[in-house]
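Asks: attaching a predicted model along with its sequence, questions to come.
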Amino acid sequence: MRQWRGYSDTGTVMPMVVEPQSLESLSAEQLRVALLSMLQTAAAKDQELAFKQTLIDKLTHENALLKRMKFAAQSERFSPEQKSLLEDEIEADLAAVASEIDALAQTQTPPTPEKKQAKRLPLPAHLPRREIRHDPASTTCSCGCQMKRVGEDVAEKLDYVPGVFSVERHIRGKWACAQCETIQQAPVEAHVIDKGLPTAGLRAQVWVGKYAYHLPLYRQEAIFTRAGLAIPRSTLAQWVGTCGVRLQPLVDALKTEILSRQVLHADETPVAMLKPGEGKTHRAYLWAYAPGAFENIKAVVYDFCESRSGEHARRFLGEWRGSLICDDYSGYKKGLAQGLTEVGCLAHARRKFFDLHTANKSQIAEFALQQFARIYDIEREAKDLKTEPRQAIRKQQTKPVLDALHQWMLLQRQKVPEGSATAKALDYSLRRWEALTRFVDDGQLPVDNNWIENQIRPIAIGRSNWLFAGSLRAGQRAAAVMSLIQSARMNGHDPYVYLKDVLTRLPTHKASRIEELLPHRWQPADR
């Protein structure tokens, strides 16, 4: 029997080495310590196995529910478009859950022999081929003899350059030494989907089509068919689900990067979520968070939630304490009471008077709009300056305009009747005046929340194509992918080029250097 004791990096008790022949020389106290160490180790392993088994059971149950939803969707009262969208998301959810179960099972039990997979049909012969040869760096054997090529393994991957399918033929030559009777061969390259059919380019195209250009998978299936190869949308959905799991660490790193900044924008927009059991849609929300417009990174993270409850914002922000630019929605109020600094949106205050002027050509609204225009003229001049000069200009030029506007609003409020549209427009600004004018004393704060509203606009454009399944997985997966795509756009990258490169490098990229693949730090591999 052999045991050991010590402490791992995580603080776990590690058993002490005890050789069988040394047991007789141990005192009763030493034997007691050795036995206690063994029991603690066994208890810790049992607890870890129990936790993993619980998680596997949870995912297995979710998998069963998704399968029931998949077949239920065929009989419920959905339009053809809704049915296609629902089936696509369920297929993607099933692939994502299966991927997580496999990952957990591999850490819990010893690897089992691979099951014999069904033979895949060969790719059509009419598609153009491009050969990529993989040979050892040296074909000289360790004994000094020159090795001879004795064969090769060929794996075909389906690639897609927008509009054209092609096939990559990966040829791995086999080199043998006649004297040593050894064989050498280049290793198989790592891929996001092991032994998968698609290249990184094809996977990136599916994702960009679905989440950047709002093309549901049933439409992409038709596009691919016209390009020369019919790929079932169930297969496309499996690619989407599996890749979503692989890219989640990158999205987590992007969230951590955003929460390291002192100024954040926040906003939310409704999105329809399809509930298969009821045959109707439910209003869910996509929350958006981005560093302040004057921060040194450009990024956005979307968070898909079942409701507009303020607890979702508090959960996302966690222990973060800084300046939050947001609208007057009550869901943010509890977070503000816990230490966040509220920064108002001057564009929202202006919009109240704009609506009032549009409705009845109010002279009060017209004067207010003129003062807001003066403030925005000053901001346009100062936006490209550094923090200190911008703050100085605001105090010198903007503060007098705001002080005069505040006094004018107080006087006008005394003249207008309670409950009128004019009173409501004035009250919105007067109630939040401190938050609305906080930007004057801090040059790092933006004047409004338009920065995040511009990042949420693509979501509003494509939301008619996003009817999510009842589980949160599909919505959360879409939010994660759209975070990367929109952040890439904000940094001037082509989303397709960015995702293709990231999906190629991710399988072999060190987890400790995952930040290098974030959109605001990413550089193409050839650089």
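Replies: Done, it's in. Keep in mind that what you see is a predicted model, and the values were worked out from it rather than measured.

Asks: show me the shaky parts of the stretch 351-500 of the chain.
Replies: Along the stretch 351-500 of the chain, the parts satisfying pLDDT under 70 run over 461-471.

Asks: pLDDT on whichever strand or helix holds Ser37, on average?
Replies: Assessed by DSSP states H and E, Ser37 sits inside helix 28-72. Taken as a whole, helix 28-72 has a mean pLDDT of 69.

Asks: please enumerate the helices of the stretch 251-400 of the chain.
Replies: 310-317, 333-337, 346-360, 363-382, 387-393, 399-415 (DSSP state H, counting those that start in this stretch).

Asks: tell me which stretches of the stretch 51-200 of the chain form helices.
Replies: Counting by DSSP H, counting those that start in this stretch, the helices of the stretch 51-200 of the chain are 80-108, 200-211.

Asks: going by mean pLDDT, which of these comes out lowest?
Replies: helix 80-108 has the lowest average pLDDT among these, namely a mean of 59.

Asks: show me the contacts for Ile171.
Replies: By C-beta atoms under 8 Å, 6 or more residues apart in numbering, the contact set of Ile171 is 131-134, 152-154. C-beta: built from backbone N, CA, C; applies to glycine.

Asks: can you turn the buried part of those into a ChimeraX selection?
Replies: Restricted to buried positions by 16 or more other C-beta atoms under 10 Å, the ChimeraX selection for these reads:
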select :134
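
Asks: any chance of the contacts of Ile171 in JSON lines, plus distance to Arg350?
Replies: Below are the contacts of Ile171 laid out as JSON lines (distance: C-beta to C-beta, whole Å):
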{"residue": "Glu131", "distance to Arg350": "61"}
{"residue": "Ile132", "distance to Arg350": "57"}
{"residue": "Arg133", "distance to Arg350": "63"}
{"residue": "His134", "distance to Arg350": "61"}
{"residue": "Glu152", "distance to Arg350": "69"}
{"residue": "Asp153", "distance to Arg350": "66"}
{"residue": "Val154", "distance to Arg350": "64"}
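
Asks: just the contacts of Ile171 now: which is nearest Phe304?
Replies: Among the contacts of Ile171, Ile132 lies closest to Phe304 (C-beta to C-beta), at 38.1 Å.

Asks: the closest one against Gly173, yeah?
Replies: No. Counting by C-beta atoms under 8 Å, Ile132 sits too far from Gly173 to count as a contact (11.9 Å).

Asks: how far away is the nearest residue to Ala480 once chain neighbours are set aside from Ala478?
Replies: Once flanking residues are discounted, Ala480 sits nearest to Val251: 4.3 Å by C-beta to C-beta, 6 or more residues apart in numbering. Val251 sits at a distance of 11 Å from Ala478 (criterion: C-beta to C-beta, to the nearest Å).

Asks: Thr356: how many residues sit nearby?
Replies: In this structure residue 356 is Leu, not Thr. With neighbours defined by other C-beta atoms under 10 Å, the count for Leu356 comes to 22.

Asks: ah, wrong one, I meant Asp403
Replies: Other residues close to Asp403 by other C-beta under 10 Å number 12.

Asks: Phe439 versus that one, what's the distance?
Replies: Where Phe439 is concerned, Asp403 sits at a distance of 14 Å (C-beta to C-beta).

Asks: helices or strands next to whichever strand or helix holds Asp427 in the packing?
Replies: Using DSSP H and E, Asp427 maps to helix 421-431. Counting contacts by 3 or more C-beta pairs under 8 Å, 6 or more residues apart in numbering; DSSP states H and E, helix 421-431 is packed against helix 346-360, helix 363-382, helix 399-415.

Asks: sorry, back to before: in TSV: the helices of the stretch 251-400 of the chain, plus distance to Cys145.
Replies: Below are these laid out as TSV (distance: least, C-beta to C-beta, whole Å):
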stretch	distance to Cys145
helix 310-317	62
helix 333-337	71
helix 346-360	76
helix 363-382	74
helix 387-393	68
helix 399-415	84
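
Asks: centre of the chain to the helix or strand in which Thr235 is found, how far?
Replies: When elements are assigned from DSSP H and E, Thr235 belongs to helix 233-258. Computed by C-alpha atoms, centre = their mean, to the nearest Å, the chain-centroid distance of helix 233-258 equals 6 Å.

Asks: by contact count, what packs against that helix?
Replies: Counting contacts by 3+ C-beta pairs under 8 Å, 6+ apart, helix 233-258 is packed against helix 80-108, helix 200-211, helix 217-227, strand 280-291, strand 301-305, helix 473-490, helix 495-505.

Asks: what do you get if the cut-off is 7 Å, keeping everything else the same?
Replies: helix 80-108, helix 200-211, helix 217-227, strand 301-305, helix 473-490 (3 or more C-beta pairs under 7 Å, 6 or more residues apart in numbering; DSSP states H and E).

Asks: could you dump the last one to CSV, C-alpha only?
Replies: I take that to be helix 473-490. This file holds the C-alpha atoms of helix 473-490, laid out as CSV (Å, rounded to 0.1, in the frame of the first residue of the first chain):
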residue,chain,number,x,y,z
ARG,A,473,-29.2,28.0,-24.4
ALA,A,474,-30.0,29.2,-27.9
GLY,A,475,-30.4,32.8,-26.7
GLN,A,476,-27.2,32.8,-24.7
ARG,A,477,-25.3,31.2,-27.6
ALA,A,478,-26.6,33.9,-29.9
ALA,A,479,-25.6,36.6,-27.4
ALA,A,480,-22.1,35.1,-27.1
VAL,A,481,-21.5,34.9,-30.8
MET,A,482,-22.9,38.4,-31.5
SER,A,483,-20.6,39.8,-28.8
LEU,A,484,-17.6,38.6,-30.7
ILE,A,485,-19.0,39.6,-34.2
GLN,A,486,-20.0,43.1,-33.1
SER,A,487,-16.8,43.7,-31.2
ALA,A,488,-14.9,42.7,-34.3
ARG,A,489,-16.9,45.2,-36.3
MET,A,490,-16.2,47.9,-33.8
